[in-house]
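Novice: Sequence below, structure please.
(one chain, ligands or ions: 1)
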Amino acid sequence: MDAWLNEWAQLLFRWVHVLAAIAWIGHAFFFHSMERALRPPEVEGVDPDVHGELWMVHGGGFFRMQKTRVLPPVFTGHLHWFKYEALFTWISGFLLLVLLYYVNHAIYMVPRVDGVSSGMAVGIGLATLVGGWAFYDFLWAGPVAKASKTAAAVLTVLMIACTGVALTFLLSGRAAFLHTGALLGTLMTANVWMRIIPGSKKMVAALEKGEEPDLRLGAVGHQRSVHNGYMHFPIVVLMISNHYAFLTDGPMSSVVLLLMLGLGAAVRQLFYDGWDAHIAVKGYVGAAAVALLALTFPSRPATVASTGDAPTFEEVRQIVDRRCVACHAKEPTHAAFTAPPKNLVLQADATILANRELIHTQAVVTKVMPLGNLTKMTDEERAILDAWHAAGSPGP
Ligand code: HEC
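Specialist: Model (predicted):
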C-alpha cells in the first residue's frame, strides 16, 4: 500500500476511532451518573411505577429523566438504542490496526521468538481477538457460569492476563499491549452486538406482541454491561501506552501490562462506588498505583557501560549513519517509510547536534530506537553515544 495514502487513512480512522470511543464510554459514564443521582419522584401524581427521577440542566435546557420499575406495557413512542458508537469504535480501531500494524508487520509486529515470522505474528494477533471472544462467551453463555459465576469470572481474568503476558513474549511490546487492548475492545463490542442488543430486541418484540418477556435476557445484558464497565478503564491506558515505548518495550513490560489491567479495573470500582467504596477497594487501588509507580525504577533499561574516553563526533556520525539514517533521512531507504518518521532527519551534523538530547533519550536511556532494533544497533554503540552525551556532545 502507498505509504502516504496509508498515513492519511490512519489519520481519518484514528479521528473516527477516538470520537466514537469518547461517545461510547461517555454514554456509559452518563448513564452511571444519572443512575447515581436518581431521587424518588417529588411531584404528586407521578406514575407509581416510576421509582426514580432526575431533573437535569444542560445546554440551556431542562431535562426530566424517569426510571421505571417495570417493563413498559407497550412501546408507543420511539425507543432510542445505544449501539452504533460501539460498532464504529471497533471497525475504525480494527482498520487502524490493519493499516498500522498488519500492513507494516515487518516493523511493528516484530516477533520476539525465533521461528515466528512477522506474518505469523499477524495470525497470532487475529487469533487472539477471535479466540478470546469464543472462550469468554463460552464461559458466560455456557455451562461454566451456570455452575459458578465466580469460576467464570476467575477464568475470564486469567484468560485476559495470560493472553496479555503471552503476547509480550511473542510480539513486539507495542503490538502486545495494543492487541491486549484490542482483545478487550472486541469483547466489549461483541457483548453489545451479540448479547446485549439481541436480548433487548427479543424483550421488546415480546412486549409488542403482548407476551411476557424473558427477564433472564435482561439479566444477561446487565451482566455483560458490568463486564464492559471493568474494561473501560484498562482499555484506554493500553491504547495510549503505544505512545510510550519505554513502557511497552521496557524490560518489565509484562508486569507493567498486568498492573495496567488490574489498576484499570480497580479504578472502575472506585469510580462507580465513589467515596462509599469498600475500604478493600480503596486499599487495592492504592496498592496497585504504588506498585505501578515503584515499577518506574526497575523498568528503566539498564544503563549502558560508558567506554571511558569521550568519542569523537566522527564516531557518533558513523553510528547514526549506520543505524538511524535508513529511516531518518529525507528519502528513507527503509521500504516502510516514504518520509522521515516524526520528520526527524539525522543526515546533517547540525541536526544530529540539535537533537542530541532526543537521540540520547531514545537510543541510550529507553533504547526504543532504532525501532524494533531493526538496524541491529549494538550495546557498544549505545555506550559510545552515552559517553559522547556525558562529554557534553562535542561537535565536529
Ligand atoms: C526502522 C526505522 C527507524 C530506525 C532505524 C530509527 N528510527 Fe527513530 N523513529 C522511527 C519511527 C517510526 C519513529 C516514530 C515513533 C513512534 O511513532 O512511536 C521514530 C522516532 C524517533 C524519535 C522521536 C522523535 C520525536 O520527536 O518524538 C527519535 C529521537 C528517534 N526516532 C531517533 C532515532 C535514532 C537516534 C535512531 C538510530 C539510533 C533511530 N531513530 C533509528 C523509525 C526509526
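Novice: Only C-alpha atoms from now on, for both contacts and neighbour counts.
Specialist: OK.
Novice: All the helices of the stretch 1-150 of the chain, in order from the start?
Specialist: Using DSSP state H, counting those that start in this stretch, the helices of the stretch 1-150 of the chain run over 3-37, 84-97, 105-108, 118-141, 143-147, 149-170.
Novice: do you know which of those helices lies nearest the ligand?
Specialist: helix 105-108 (6.6 Å; CA to the nearest ligand atom).
Novice: Can you spell out which helices and strands pack onto that closest one?
Specialist: On a contact count with 3 or more CA pairs under 8 Å, 6 or more residues apart in numbering; DSSP states H and E, helix 105-108 meets helix 118-141.
Novice: Let's see that with 10 Å instead.
Specialist: For helix 105-108, the helices and strands in contact under the criterion 3 or more CA pairs under 10 Å, 6 or more residues apart in numbering; DSSP states H and E are helix 118-141, helix 173-190.
Novice: Quick one: mean pLDDT over that helix.
Specialist: For helix 105-108, mean pLDDT rounds to 85.
Novice: And for stretch 235-252?
Specialist: So the average pLDDT for stretch 235-252 ends up being 86.
Novice: pretty sure residue 237 is in contact with residue 262, am I right?
Specialist: No. Between residue 237 and residue 262 there is no contact under CA atoms under 10 Å: 11.4 Å.
Novice: Let's see the pLDDT reported for residue 77.
Specialist: So residue 77 comes in at 68 (pLDDT).
Novice: do the same with residue 33
Specialist: 87.
Novice: dump the residue contacts of it.
Specialist: Contacts for residue 33 were tallied using CA atoms under 10 Å, 6 or more residues apart in numbering; they are 27, 272.
Novice: Do you have the helices of the stretch 251-396 of the chain handy? List them.
Specialist: Counting by DSSP H, counting those that start in this stretch, the helices of the stretch 251-396 of the chain are 253-273, 279-295, 313-323, 349-354, 356-360, 379-390.
Novice: Just the closest residue of the stretch 201-350 of the chain to the ligand, please.
Specialist: residue 324 (3.4 Å).
Novice: need the helices of the stretch 251-396 of the chain in a markdown table with mean neighbour count, can you?
Specialist: Shown next, in a markdown table, are the helices of the stretch 251-396 of the chain (neighbours: other CA atoms under 10 Å):
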| stretch | mean neighbour count |
| --- | --- |
| helix 253-273 | 20 |
| helix 279-295 | 15 |
| helix 313-323 | 17 |
| helix 349-354 | 15 |
| helix 356-360 | 17 |
| helix 379-390 | 20 |
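Novice: What residues does the stretch 201-350 of the chain have near the ligand?
Specialist: Contact residues (CA under 6 Å from any ligand atom) of the stretch 201-350 of the chain with the ligand: 243, 320, 323, 324, 326, 327, 341, 342.
Novice: are any of these buried, and which?
Specialist: 320, 323, 324, 326, 327 (16 or more other CA atoms under 10 Å).
Novice: For these, give me TSV that also has pLDDT.
Specialist: Shown next, in TSV, are those (pLDDT from 0 to 100):
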residue	pLDDT
320	97
323	96
324	96
326	94
327	93
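Novice: From those residues, pick the one nearest residue 211.
Specialist: Nearest to residue 211 among those is residue 327, at 65.7 Å by CA to CA.
Novice: Distance check, the closest one against residue 177.
Specialist: 24 Å (CA to CA, to the nearest Å).
Novice: And residue 284, by the same measure?
Specialist: For residue 284, the distance to residue 177 - CA to CA - is 23 Å.
Novice: and what of residue 78?
Specialist: In terms of CA to CA, residue 78 sits 41 Å off from residue 177.
Novice: Show me which of the two is the more surrounded one.
Specialist: More neighbours surround residue 177 than the other of residue 78 and residue 177, with 30 against 6 (other CA atoms under 10 Å).
Novice: returning to what we had before: winner for burial among the helices and strands packed on helix 105-108?
Specialist: Across the helices and strands packed on helix 105-108, averaging neighbours per residue (mean count of other CA atoms under 10 Å) puts helix 173-190 on top, at a mean of 25.
Novice: since we're on residue 211, how many residues are nearby?
Specialist: Applying other CA under 10 Å, I find that residue 211 has 12 neighbouring residues.
Novice: and if you look at the one 10 residues further on?
Specialist: Applying the criterion other CA under 10 Å, we find 20 residues in the vicinity of residue 221.
Novice: Now the element after whichever strand or helix holds it, going C-ward?
Specialist: For residue 221, the host element (DSSP states H and E) is helix 215-240. Using DSSP H and E, the helix or strand that directly follows helix 215-240 along the chain is helix 245-248.
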